[in-house]
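>>> heads up, no residue letters with this:
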């Protein structure tokens, strides 16, 4: 059994960097870590995609710190819970995955996170577990027994369920500003005179009837100002509830049961998983009379907009399986305000140095571009090595800073008369036809540095040999088939 390290400086670093909250308290967890007792910590990730991103890596960096202190760490792959689909932050039910989908997704995960966590340690190896091994064996009696520890009211406390049951968040906030905290009607009207909102005299029972209806030149009396207000369809607010499926309530139960089976002392998770982690804390206490710490890490969020920097399900962010050039370029494309948190959560730069950078950024002493160069270099070095980081830096400077073309541009074979939209989608340069059209209309597609903004454009022989540039980083040399 590996020796447990109780170095206070190492423990303080573990409990302070990239930490949002620790339940029941940071002091109690520190006391446990200082006691010398070997504890079991786990983090789980659902296999809803084949790529992991920098947000996931933050958690594995912390998990490696626990492992280096001599504690038992578990990398749990949610190959069963991925098939249910976590409803967290979702305004619609997730697509359910097949067992085969999940197996494909997890194939390269360990290779992706090996740069930040040592899977080859003989003294204290990481345990890799799959929750399909126990969740698939539960029978209906077992599930009822687990579910009996929770109430429907507890489940409905989750914002994403409330948003879907009682309309989208934007409409609900608009109603709440007018003192309407309980949605009692499907259709509301906004007075053109005083902006007061109240239930519309015309009600639409479902979205289809609302979408197909023509509402023009109607009038009614506003209950606040008493004036007659004319209203058209644009003055109406239609509440659009979305279904909440029963199986989605099972997700926090299943994740909670993971803690019971593995008999863990600590669960690590992002703030978006707090509800699910607390479900595990409840089950452990009720089934095994054991307390579990919940170690909540910071989410990578833009401090100005509040939007997630990384999302596996949405396909946005910086992914760990990207080549070094793409990874470097995507980090350089991050907004300036994201720099301090990315240094804190995704690199090994000291917190003192990160604080200095943040202060310099605020005072204007530092050029944000220079800091992003350092950030991109540090992150690429972690996942691809120092040599690749230097090459990626040189590539970025050559192609984007000096506006030179890369030395090696792959050829793209195109049939005469093929639509530009289809070419972009089939070449993997756009996620969909809608995305391709957006790129074209916004001037993001250029041939020999000349933008093509007509989304109906077709590729003919005159394009042969031209360099197609898509966005800031993608280059293809056109060759006619």
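Noted; the coordinates are in hand. Everything numeric here is computed off the predicted structure, so don't read it as measured data.
>>> residue ranges with poor pLDDT in the stretch 101-250 of the chain?
Judged by pLDDT under 70, the stretch 101-250 of the chain has its weakly predicted residues at 159-160, 162-169, 240.
>>> 80 instead?
101-107, 156-178, 181-184, 205-211, 239-244, 247 (pLDDT under 80).
>>> could you report the distance from the closest residue in space to residue 368 that isn't next to it in sequence to residue 189?
Distances taken as C-beta to C-beta, 6 or more residues apart in numbering place residue 336 nearest to residue 368, at 4.1 Å, with adjacent residues excluded. In short, each C-beta sits where N, CA and C put it, glycine included. For residue 336, the distance to residue 189 (C-beta to C-beta, to the nearest Å) stands at 42 Å.
>>> more neighbours: those two, which one.
It is residue 189, of residue 336 and residue 189, that has more neighbours when counted by other C-beta atoms under 10 Å, with 22 against 13.
>>> next SSE after the strand or helix carrying the more buried one?
Assigned by DSSP states H and E, residue 189 belongs to strand 187-190. With elements assigned by DSSP H and E, the helix or strand that comes after strand 187-190 is strand 197-199.
>>> residues of whichever helix or strand comes after that following strand that come out buried?
For strand 197-199, the following helix or strand on the C-terminal side (DSSP H and E) is helix 207-212. Under the neighbour-count criterion of 16 or more other C-beta atoms under 10 Å, helix 207-212 has residue 210 buried.
>>> ok, now stretch 348-368?
Buried residues in stretch 348-368, counted by 16+ other C-beta under 10 Å: 354, 357, 358, 361, 366, 368.
>>> in strands, which of the residues you listed fall?
Residues of the buried residues of stretch 348-368 located in strands (DSSP state E): none.
>>> in CSV: those, plus distance to residue 424.
Below are those laid out as CSV (distance: C-beta to C-beta, whole Å):
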residue, distance to residue 424
354, 39
357, 38
358, 39
361, 36
366, 37
368, 31
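>>> related to what we said a few turns ago, contacts only, for the residue nearest to residue 368.
Contact analysis of residue 336 by C-beta atoms under 8 Å, 6 or more residues apart in numbering lists 361, 368, 372.
>>> now residue 12
residue 30.
>>> just the element for it, please.
Under the criterion of DSSP H and E, residue 12 resides in helix 8-16.
>>> quick check: what element follows that helix along the chain?
Moving toward the C-terminus from helix 8-16, the next helix or strand (DSSP H and E) is strand 19-23.
>>> how many residues are close by residue 460?
12.
>>> so it makes contact with residue 417?
Yes - taking C-beta atoms under 8 Å as the definition, residue 460 is a contact partner of residue 417 at 6.4 Å.
>>> shared neighbours, the two?
When C-beta under 8 Å, 6+ apart defines a contact, no residue borders residue 460 and residue 417 alike.
>>> helices of the stretch 251-400 of the chain, residue ranges please.
With DSSP state H, counting those that start in this stretch, the ranges of helices along the stretch 251-400 of the chain come out as 274-288, 324-332, 339-346, 351-363, 368-384, 386-396.
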